[in-house]
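Asks: my questions are about this predicted structure, shown below with the sequence.
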Protein chains: 2
Amino acid sequence: MNIYDISEKAGVSIATVSRVINGSENVSEKTRQKVIAVMKENKYTPNAFARGLMLNTMHTIGIMCSDSSDAYLANAVYHLEKELRSNGYDSILCCTGYELENKQKYLKLLSSKRVDALILAGSSFLDLKSSNNAYIVKAAKQVPVMLMNACLNKPGIYNIVCDDCKAVEEAAEYLIEDGRERILFLYQARSYSAKEKQEGYRNALKKHHLPVDKALIRQCPKTKQLDQVEAFLEEISQEGVQFDAVLASEDFWAVGAVKYARHRGLSIPEDISIIGFNNSQLAQCCEPELTTIDNKVELLCKTTVHLLMQVLEGQEIPQSTTLQAELVKRKTTSIT
Amino acid sequence: MNIYDISEKAGVSIATVSRVINGSENVSEKTRQKVIAVMKENKYTPNAFARGLMLNTMHTIGIMCSDSSDAYLANAVYHLEKELRSNGYDSILCCTGYELENKQKYLKLLSSKRVDALILAGSSFLDLKSSNNAYIVKAAKQVPVMLMNACLNKPGIYNIVCDDCKAVEEAAEYLIEDGRERILFLYQARSYSAKEKQEGYRNALKKHHLPVDKALIRQCPKTKQLDQVEAFLEEISQEGVQFDAVLASEDFWAVGAVKYARHRGLSIPEDISIIGFNNSQLAQCCEPELTTIDNKVELLCKTTVHLLMQVLEGQEIPQSTTLQAELVKRKTTSIT
């Protein structure tokens, strides 16, 4: 049931329904009563954004993306744009980078372009410090905000996430069941998603009564150079930290682990198992091909746009939607 | 010398200079004469787009990109957006796909958003059949069109290209000088850039008096699956076509060639040399690491935006600007 159905059932225009919802005085009392009766009869509760319906819509959605040169986010932007377009919406893309100040500035810019909604792609938009998210909460008072791969339970914010916690938990369990006991976990910068992934790693260890060794939980340096990833792993090894598996929260780092293993003369997967994250092209290009977690970027984007269209039509949708990832088993782990 | 300089020298506002250029009647004859005198004195010829200056500008640039999930184009979009933003411009991105009809539709959409200029990223926007480019020529009558990696000499269209022809020629020569005589050349769909690259390949052979064998010039299937690239090479080999080198116009295919060589038990680079194109992350992830042509995407984007800013300021710029690529030598060729 949406605003269009109400308009049809009440025999009035969509603009009239919108005016009633909006509390506009430009509707006769008789019409108002009729529309309200139809809404009650059909148990229709308009969401906050139905109010904006038909009023000044630009049919444009603002997309914020922290880094479109990142393969995962580039794919996300591609799928979002395609889905929006097929729903008759244009999109304005902003690549914000990772600085809070810039994210805030770009969100302001998008708002000034009078977009109908915002899609924030990438979990890096959510800071672990909640006061740093105030600008998102504020924006959501004006237009719906679709938060991809992050979770913030505030009015007007809808979360669409891949269950990274469970995905990593299952991947770690797969390694443990294969006899791995010292799994090096590589994570990226502090973000909602990074936290979720680490929780999954810890859950798996606890479930199998293995100790959580902090020396095995490492933040990987931000780099686009593979040899820097390799050097980072070499350093950990030099510290005397032993590991028989690497679970990386990005394919790129997992490829770095493959290079590290090769140069140290370790056999994959006999001496060391390696699992990546994203199921990117890199996973196929690597030798041996990477076992990796497919976090379903296309499905995530399609779902995000589908839900957004419902919000814009004034329908109620769940505040959080969760999709399941899939472990794609290739050659860097023993297939059991 | 641009419209701002003229305004300063004539001691009038930019809007007044704009009105004079624009032929508006809203300027006194005395002021008009003064502005024209300053323009003549400084040999300033406004380009067609200086006319639009200060009039209704949205400070928004439309970017068309055929496929943002392509690593090269994703990088291009990232750099374009960043450069535009640092010049105070927003960008509206459209991912058009490869169908002519969709490209035309999206260009219309962007025009309806009143963008100040268009950037067409990717050589696939230019069709070898010139009537299929009429929509671009038409758009360039309204706003400047920056054509990245393609060349169309029509009013209002500015071409910024990497010299793909020379880049491939040099790469092929490098292989020939290393003793390779049967270089398999893999190209993508019919596009300006594909044509340039093939010309470079042919030039190198001719220069070294080697025959051009059509069986060695192959259009690679459009796929994101490496095993399909491998199967394609296997087929060529099954046909009885022999080759001792692969020169691929995309890194992804070169990685496919590496996999092909490995599975056939060929040593790289002893039995077969392989060169890719783009210097993408894939080149680093591959084992052995790929020798590849770096076509300088960041520099290309920076140059494009820099030139566009000059056009929008009313300055004259060359219709075509060409950058040189660089051959990055890694492990899939003998380093000489």
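Replies: Sure thing, it's come through. Just so it is clear, the structure is predicted and the values come from calculations on it, not from any experiment.
Asks: drop to CA atoms for contacts and neighbour counts, all remaining ones
Replies: Noted.
Asks: what's the helix or strand hosting residue A:6 packed up against?
Replies: According to DSSP states H and E, residue A:6 maps onto helix A:3-10. Contact analysis of helix A:3-10 by 3 or more C-alpha pairs under 8 Å, 6 or more residues apart in numbering or on different chains; DSSP states H and E lists helix A:14-22, helix A:29-41 as its packing neighbours.
Asks: for that helix, what is the average pLDDT?
Replies: Helix A:3-10 shows a mean pLDDT of 84.
Asks: in that helix, what's buried?
Replies: Within helix A:3-10, the residues scored as buried using 16 or more other C-alpha atoms under 10 Å in any protein chain shown are A:3-4, A:6-7, A:10.
Asks: name the residues that touch that helix?
Replies: By C-alpha atoms under 8 Å, 6 or more residues apart in numbering or on different chains, the residues outside helix A:3-10 that reach it are A:13-14, A:16-18, A:34-35, A:38-39, A:46, A:50, A:313-315.
Asks: rerun at 10 Å
Replies: Contact with helix A:3-10 is made by A:11-18, A:21, A:31-32, A:34-39, A:42, A:44-46, A:50-51, A:53, A:312-315, as judged by C-alpha atoms under 10 Å, 6 or more residues apart in numbering or on different chains.
Asks: relative orientation of that helix and helix A:14-22 in degrees?
Replies: With axes from the mean of the first three to the mean of the last three C-alpha atoms, to 10 degrees as the basis, helix A:3-10 and helix A:14-22 are set at 100 degrees to each other.
Asks: next structured bit after the helix or strand harbouring residue A:110?
Replies: Element membership of residue A:110, judged by DSSP H and E, is helix A:100-112. On the C-terminal side of helix A:100-112, the nearest following helix or strand under DSSP H and E is strand A:117-121.
Asks: is chain B within reach of that following strand?
Replies: No - using C-alpha under 10 Å from any C-alpha of the partner chain, we find that strand A:117-121 stays clear of chain B, coming within 14.0 Å at best.
Asks: which other helices and strands contact that strand?
Replies: Other helices and strands packing on strand A:117-121, by 3 or more C-alpha pairs under 10 Å, 6 or more residues apart in numbering or on different chains; DSSP states H and E, are strand A:60-65, helix A:71-86, strand A:90-95, helix A:100-112, helix A:134-139, strand A:145-148, strand A:157-162, helix A:297-312.
Asks: closest one to residue B:245 among these?
Replies: Across these, the minimum distance to residue B:245, taken as C-alpha to C-alpha, is reached by helix A:71-86, at 29.0 Å.
Asks: and the angle for the closest one with helix A:297-312?
Replies: Computed by the same axes, to 10 degrees, the angle separating helix A:71-86 from helix A:297-312 equals 40 degrees.
Asks: if we can go back for a sec, give me the contact list for the helix holding residue A:110.
Replies: The set of residues that contact helix A:100-112 without belonging to it, under C-alpha under 10 Å, 6+ apart, is A:61-66, A:92-97, A:116-118, A:120, A:124-127, A:132-136, A:139, A:142-143, B:85, B:90.
Asks: 7 Å instead?
Replies: Contact partners of helix A:100-112, identified using C-alpha atoms under 7 Å, 6 or more residues apart in numbering or on different chains, comprise A:62, A:94, A:96, A:135.
Asks: now residue A:262: which helix or strand?
Replies: When elements are defined using DSSP H and E, residue A:262 is found to belong to helix A:251-263.
Asks: what's the first helix or strand after that helix?
Replies: Once the chain leaves helix A:251-263, the next helix or strand it forms, by DSSP H and E, is strand A:273-277.
Asks: contact partners for the closest residue to residue A:304 other than its chain neighbours?
Replies: Leaving aside its sequence neighbours, residue A:304 sits nearest to residue A:160 (C-alpha to C-alpha, 6 or more residues apart in numbering or on different chains; 6.4 Å). Contacts for residue A:160 were tallied using C-alpha under 7 Å, 6+ apart; they are A:147-149, A:304, A:320-322.
Asks: repeat for residue A:205
Replies: Residues in contact with residue A:205, defined by C-alpha under 7 Å, 6+ apart, are A:211-212.
Asks: can you do 6 Å?
Replies: Taking C-alpha atoms under 6 Å, 6 or more residues apart in numbering or on different chains as the criterion, residue A:205 is in contact with no other residue.
Asks: now it: which helix or strand?
Replies: Counting by DSSP H and E, the element that carries residue A:205 is helix A:192-207.
Asks: deepest of the helices and strands packed on helix A:3-10, which one?
Replies: Highest mean neighbour count of the helices and strands packed on helix A:3-10: helix A:14-22, a mean of 20 (counted as mean count of other C-alpha atoms under 10 Å in any protein chain shown).
Asks: please pull out the lowest mean pLDDT helix or strand from chain A.
Replies: Across the helices and strands of chain A, the lowest-confidence element by mean pLDDT, DSSP states H and E is helix A:14-22, at a mean of 77.
Asks: that one vs helix A:29-41, what angle?
Replies: Orientation check (the same axes, to 10 degrees): helix A:14-22 against helix A:29-41 gives 80 degrees.
Asks: mind saving the C-alpha coords of helix A:14-22 as PDB?
Replies: Once side chains and other backbone atoms are set aside, the C-alpha atoms of helix A:14-22 remain, and they are given as PDB (Å, rounded to 0.1, in the frame of the first residue of the first chain):
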ATOM      1  CA  ILE A  14      -1.500  12.000  -5.800                       C
ATOM      2  CA  ALA A  15      -0.800  15.700  -5.200                       C
ATOM      3  CA  THR A  16      -3.900  15.900  -3.100                       C
ATOM      4  CA  VAL A  17      -2.900  12.900  -1.000                       C
ATOM      5  CA  SER A  18       0.500  14.500  -0.600                       C
ATOM      6  CA  ARG A  19      -1.100  17.700   0.600                       C
ATOM      7  CA  VAL A  20      -3.200  15.900   3.100                       C
ATOM      8  CA  ILE A  21      -0.200  14.100   4.500                       C
ATOM      9  CA  ASN A  22       1.700  17.300   4.400                       C
END
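Asks: number of residues surrounding residue A:271?
Replies: Other residues near residue A:271 come to 13 when the count uses other C-alpha atoms under 10 Å in any protein chain shown.
Asks: and the helix holding residue A:6, how far from the chain's centre?
Replies: When C-alpha coordinates are averaged (C-alpha atoms, centre = their mean, to the nearest Å), helix A:3-10 and its chain have centres 34 Å apart.
Asks: now swap in stretch A:265-281 and tell me
Replies: The gap between where stretch A:265-281 is centred and where its chain is centred comes out at 24 Å by C-alpha atoms, centre = their mean.
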